[in-house]
Each structure stands twice: as C-alpha cells, then as structure tokens.
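Novice: 3D model of this:
(chains A and B)
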Amino acid sequence: MSETATQRTVDMGNGTAGKPLGGGAAGGNAGAAVGEPVLTVRDLKVHFRVPRGAYPWSSKATLRAVDGVSFEVRRGETVGLVGESGCGKSTLARAIIGLTPVTAGSVRWRDTETVSDGRRPASAMERLRKDVQMVFQDPLASLDPRMTIEQIVTEPLKVQRPGLGRDETRARVVTMLERVGLGAHHLSRYAHEFSGGQCQRIGIARALVGEPQLVICDEPVSALDVSIQAQIVNLLRDLQRELQLSLLFVAHDLAVVKAISQRVLVMYLGRVMELGTRHEVYGSPQHPYTRALLSAVPRPDPATERTRTHAVLTGEMPSPLNLPSGCAFRTRCPEAIGACAEEVPQSISRGTGDRRVACIRVGA
Amino acid sequence: MALLEVKDLGVRFTRRDASPVDAVQRVSFTLEKGKTLGIVGESGSGKSQTVMALLGLLPGNGLASGEALYAGRNLLTLSQRELNQIRGDRIGMVFQDPMTSLNPFLTVERQMTEALQLHRGVSRREARQKAIEALQRVWIPDAARRIDRYPHEFSGGMRQRVTIATALLTEPEILIADEPTTALDVTVQAQIIELLRELNRDLGTAIILITHDMGVVAGLADDVMVMYAGRTVERAGAQALFENPTHPYTRGLLDALPRIDDSDGTHDIDAPLRTIAGNPPAPGEAIEGCAFAPRCALAKERCHSTRPELEAIAGEKDGWRACLRPVGEMMEVVR
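Specialist: Predicted coordinates for the structure are as follows:
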C-alpha cells in the first residue's frame, strides 16, 4: 500500500510536536498525528426499544445505549475506548462492525459508507468484513469447542481469501500462530486444551490471519490474570506496530488502556465526555467525569494510596432508560450547576489537535 | 494479640478418577486485632480456598488439614453446629457477587434480621431497627423504606453495601471479604474501599481481604500475603512488600501492572509492559521444586528440584519469603 512510507515518517516525526502535555514523551508513538483517518464515526446512535415492565408485551421505552458519538480512528493508531459498564462502549464497537443495528448517524470505512443515515448497505458490509476484525472478551467462549485450532484460524481465510491454495492457506495459518507465540504442533488441538491467555492468542491469530486493517478489541484482557494480561497487551502493541494496524481498544481498565492507546475516548451513558491523546486525557483530564474516574483507580502503592485525596463520586450511573436532562453526568458531578440540566453539552474542541470535552464548565 | 492464628493449613480435593489436588499447602498467618490482611494471588493460587477452609465452606470432596485457632478453638475441627455459632456472628463474610450471596426471594429486611434474631435472640422489631441503622452506616439513602425491597431492586454497588451491612450487624471481630469489589465499576469500587477503611478504623473490625487487584490491597491492607500455586511465596508489611518485594514472583507481578501514574519516573509508559513469561502450573500438576521456577528469571538448577520453605528474612521484622535465591541477588538482577 502506497501510504506506508509517508505513514512511517509522520509516525516517528512530529508525534509530540506542539504537545507539551504529559511531559517526557520518549516514544514517537505517544503523540497525535499518525495517519489519515480510516474509520470515521459521525453522530452514531444506537437505541433499543425495551419493555418497560416485566413482560414482553409491556409498553416500550427507548434505551439510548449510544447517543450521538463522533470520532475517528487513523491509520496505524490505537484508540482506547473507556468507561464503566453500561456506558455503551461495547455497543458502539459492535455497531461499527455490524453486530448491532444502528438507529442513526454514519460510519465511514476508508472510502465506503458502511452506515449512512442509520442504514447499512449490504455491499458495504462485505468490504467491512474483509478489512475489520474483532477480538472478544471471553477467550474460551469465543472459540468453537468442536473445531481444531487449525480450523478456527483457517475459517476467516476461506471467506476472505477464497483464492488461496491449500498449502498457502496452511502456511499463512502456521506463520500467524507462530507470530502470536503458538506453533504448528498446536494445529490439531482443541480450545479446551489451552489456558485463557493462549486462547486469547488464538483469538488474535484468527482476527489477524486475513490481514485486516482495523481490529476492534472488546475487553481483550479483562478475563486474564495480571501476568498474562501484560503478555497480551504487549503482543497487541507489537502486532499493531509491525502490521501498521489500526486498533480500537475497548476496556474498562484505565491503566491497560493507557498502556496501549495513543488516543483515548471516555464515554458515559452513551455519550463522549472527553477525547484526546493519552497524555492529554491522563496528564491533564478536563472533564469532571474523567477526573473522577482517574481518581477512583486504586494505585498499587501504599504510600500514594493512603495519602492522596480520593475524590469519591457519590451515587451510581443513572439508568440509560431514563437519562437526566442536559448533561448525563450532572447527577453525580461535583461541579454541576443549574445550567447543566438545561441542554446536552456539545463536544467542544479544547486546545490543540482534536481534543474534545463535553462540559459547559470547562474553559468557560 | 493474635485474633486468628493459622498454622500449616492445607486443602486437598479428592477426584474420582485422578490423583488428588492440593489446592493449598502449608499456609500460615496470624491476624491481629483490628488489622487488615490482604491475600493476593492470581486465579487458582488457592487464596479463596484458604478462607473457605477456615469457614468450613469447602465442597464435599475438599479436606482441610492443619490448624486455625480462633478464641482458643481450632476452626477446622469444629462441627457444623459449632461453626454456625461463629460464622455470621463473630466472623462475618462478604463475597464477590452480591447477587448470588443474597436470597432473591427474601426482602433485604428479612435477610438482615435473620442473623440478629438467630445469633442475638432479639425481637424482629429490634432487629429491624438495628438493620436500618446498619444500612445508614453504609450510606444507603432512605434506608427505612429501602429495607423492605428485594435484592433485584438494588444496583450492584448497593447490593454489595447491603451484604457488608449484613455482615457487620453482629459486630464481628473478623470480616472476611473475598474479592468484594471485583464485580463493581471503578467509581463504585472506590466507594466500597472507602467504606471498608472506615469500618476498620471506627469499629476496629479485623479484615481478611482476598483480591487479585494490587491497587485495592495497597489502599487497605496492613500486611500482605502473596500466594502462588497454593503456597505462600511472600508475606510482609504492605509498605515493605510494595517498595521492596523480595520474591521474584511478587516483583514480577508488580512490574507487570500497567500504571496510571508515571510521575515517579520508574515506569516508562511508552516501553512495553514487563511480563512474566509462561503460564502458572495447572491444578494437580506434579511440582518437585519451586512452583514458580519455570517462569522465574533467576531460577537455577536447584530451584527445579528443591522446594523452598517460607523463611523469615534476615533483618526484616515481619518479612517472610519462600525462595532459594538470596534477597540481595534478586535486587541486582531484576530491576
């Protein structure tokens, strides 16, 4: 692909230029501008009609799982999508890849509108399946127990690259397995013979074997133990750089997202609260929700953990069936004022690049 | 004074057509009055089975050995009847999933008053009053009305607060909390941690906290015990353990954690995460030497054949480690 060369120079060159935030950005990967946008999501909405009562025939209410989300993923970059359970991050990921119907908005994959005005043309989906793949949370549940590892990893190739011969297919599968740390001797085994970390490696091999350009990872390490989690995060980081992949990394663990992402999107109740580079979001969070979220993460260091002030949020996330008026976060926000209840705050650009914060109290 | 003294605790599970599995081996610790002990380890390390054995809650094929002295009695040899007088009264319990530890068919009021009526013989009316107070103490708003609701009418964080309030009704000396925040979101987890800290401080309840989250341990525990493959690999004061881990596994675990803050400069966030290679041993796998040796960067031949015992660290007041390599050598090589 012709962009590869330019892409590299941009990546290594002005990565952190003009971005003083966060300090000590040693790696060139840390900054913003990576490549041109490949995935563009505009005002995406996913609403579900759910029964109000306990019975299927009860009157229906609208659950706003994703409520007007816009962002883009650039070539060769990792975008982290964080938020607490129920914030709509998984629904958003599934809507992008076509596993959930959308209500409104558009999704553009390179030069193809895969969703326009809430509709999904069938021809666009074919394109999407070839280029975009997914890694799921539960490594064992996402592998068919009756298929061998060879069958599991070969299956996407059969669909995406039907022209390949048998030998070529097998060679690609073996190469991919070796790349994720497994080997040819694993080909005839079944998923239950592997540990959780190894199953996740198989899931990654299955996603990458067809050479996709974007991989959506939905909580890929949250079911794994710490020592295994680090192995998988590193594997994804390495593969992403090596193959110039774009990665949409969905997770609730803020530390894991920080370890892998160049840009981070913070969601709350279906809306984007803050978007910026990793250094911006973690180094100088602006939205009160981002600040509360970061403060709530316990630090693995008794000295810090016992002396720092914990800004503990009161209450819990309201039901997405009954969103508060105005800002979704205002019911728990320590800085909320009367005006916060009046209208949904627009996601406004703050500072450099495409940093966005949806809060009327910021920079006002 | 030691409140609970556990010596050489072992848990063995028999299997119908395979050799037995030793899930916990030779675990010893003491819990002091009003202190918090954190037990950390990855899944399958035996941390939960350790407390299940103490509470007499092992499944039918599990057998506990050793000694667990509480108020002069060995918990492991008590009958179910004797245990019932202690469990839920002197020793309270909070489990990971509040939805499965609450009875969905009973109102919160009934579940809470039951323990008081049973252990204290108070009237239902008096028990109800105490239960409402307990709910208020764990910050449940509108407790007097909410108490008549069913568990499903509460959110996850609220339910966990209900189970904590229930466990504290009888003012236990020991609260055993098995992954109390694992099922919760991080902002709600922060609330529960704050609550446990407050209860420990104000009521003097000693806590055994089981978790895989080093951050949660750092915020709550006075002492920490690290388990790997059913054994204790290191035990020390929290401060010492986090600052100067003396076992390669503990050090590896701390190094593998992705960090939110990198202000101290020791964790370069652009560098790849440090990892522990390989996988933990499968349960029932025969291990001759140190269980961690196959994954350990410092392992020598002897580590694969000789099993290290937990020994006091010279010069450390409360430090114990099970490793054949000298402490000094580890400091040099790993970081």
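
Novice: report the contact partners of residue 239.
Specialist: Here I'm looking at chain A. A:179-180, A:204, A:208, A:245 (C-beta atoms under 8 Å, 6 or more residues apart in numbering or on different chains). Using the backbone N, CA and C atoms, a C-beta is placed for each residue, glycine as well.

Novice: could you do chain B instead?
Specialist: Contacts of residue B:239 (C-beta under 8 Å, 6+ apart): A:302-303.

Novice: that one belongs to a helix, doesn't it?
Specialist: Yes: assessed with DSSP: H, G, I helix; E, B strand; the rest coil, residue B:239 lies in a helix.

Novice: and whatever helix or strand residue B:177 lives in, what's its mean pLDDT?
Specialist: Using DSSP states H and E, residue B:177 sits in strand B:174-178. Computed over strand B:174-178, the mean pLDDT rounds to 95.

Novice: so after it, what's the next helix or strand?
Specialist: helix B:186-203.

Novice: list the buried residues for that next one?
Specialist: Using 16 or more other C-beta atoms under 10 Å in any protein chain shown as the test for burial, helix B:186-203 gives B:186-193, B:195-197, B:199-200.

Novice: which helices and strands does it pack with?
Specialist: In this structure, helix B:186-203 packs against helix A:288-296, helix B:156-168, strand B:174-178, strand B:206-211, helix B:214-220, with contacts taken as 3 or more C-beta pairs under 8 Å, 6 or more residues apart in numbering or on different chains; DSSP states H and E.

Novice: lowest average confidence across those, which one?
Specialist: Per-stretch mean pLDDT for these is lowest at helix B:156-168 (a mean of 89).

Novice: let me have the helices and strands packed on helix B:186-203 in TSV, extended by mean neighbour count.
Specialist: TSV is the format used below for the helices and strands packed on helix B:186-203 (neighbours: other C-beta atoms under 10 Å in any protein chain shown):
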stretch	mean neighbour count
helix A:288-296	22
helix B:156-168	23
strand B:174-178	24
strand B:206-211	24
helix B:214-220	25
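
Novice: could I get those in a markdown table, plus columns for distance to residue A:119?
Specialist: Output for these, formatted as a markdown table (distance: least, C-beta to C-beta, whole Å):
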| stretch | distance to residue A:119 |
| --- | --- |
| helix A:288-296 | 32 |
| helix B:156-168 | 36 |
| strand B:174-178 | 49 |
| strand B:206-211 | 47 |
| helix B:214-220 | 45 |
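
Novice: among these, which is nearest residue A:72?
Specialist: With C-beta to C-beta as the measure, helix A:288-296 is the member of those nearest residue A:72 (19.6 Å).

Novice: what does that closest one rub up against?
Specialist: A:82, A:84, A:254, A:266, A:268, A:273-274, A:281-282, A:285, A:310-313, A:329, A:332-335, A:359, A:361, B:186-187, B:189-190, B:260.

Novice: in helices, which of the residues you listed appear?
Specialist: When DSSP state H is applied, these are split such that A:254, A:281-282, B:186-187, B:189-190 fall in helices.

Novice: on that earlier part again, now, which of the buried residues of helix B:186-203 sits nearest residue A:172?
Specialist: residue B:186 (40.2 Å).

Novice: skipping its backbone neighbours, what lies nearest the closest one in space?
Specialist: In space, residue B:186 comes closest to residue A:296 once its chain neighbours are excluded; the distance is 4.7 Å by C-beta to C-beta, 6 or more residues apart in numbering or on different chains.

Novice: what is the least confident helix or strand in chain B?
Specialist: helix B:327-334 (a mean of 67; mean pLDDT, DSSP states H and E).

Novice: residue boundaries of the strands in the stretch 1-150 of chain B?
Specialist: B:2-15, B:18-32, B:36-40, B:62-70, B:73-74, B:91-94 (DSSP state E, counting those that start in this stretch).

Novice: residue ranges with poor pLDDT in chain A?
Specialist: A:1-34, A:351-352, A:364 (pLDDT under 70).

Novice: switch to 80 and redo it
Specialist: A:1-34, A:53-54, A:310-312, A:315-316, A:348-353, A:363-364 (pLDDT under 80).

Novice: what's the single longest helix in it?
Specialist: The longest helix of chain A (DSSP H) is helix A:226-243.

Novice: now that helix, how far from the centre of its chain.
Specialist: In this view, helix A:226-243 has its centroid 15 Å away from the chain centroid, taken as C-alpha atoms, centre = their mean, to the nearest Å.

Novice: pull out the buried positions in it.
Specialist: Neighbour-count burial for helix A:226-243 [16+ other C-beta under 10 Å]: A:226-237, A:239-240.

Novice: give me the next element, helix or strand, following that helix.
Specialist: With DSSP H and E, the next secondary element past helix A:226-243 is strand A:246-251.

Novice: circling back: just the strands of the stretch 1-150 of chain B: most buried one?
Specialist: Among the strands of the stretch 1-150 of chain B, ranked by average contacts under mean count of other C-beta atoms under 10 Å in any protein chain shown, first place goes to strand B:36-40 (a mean of 25).

Novice: before we move on, the earlier item: chain center to the strand holding residue B:177: distance?
Specialist: The chain centroid and the centroid of strand B:174-178 are separated by 7 Å, computed with C-alpha atoms, centre = their mean.

Novice: do it and chain A meet?
Specialist: No: residues of strand B:174-178 are not located near chain A by C-beta under 8 Å from any C-beta of the partner chain, the shortest gap being 14.6 Å.
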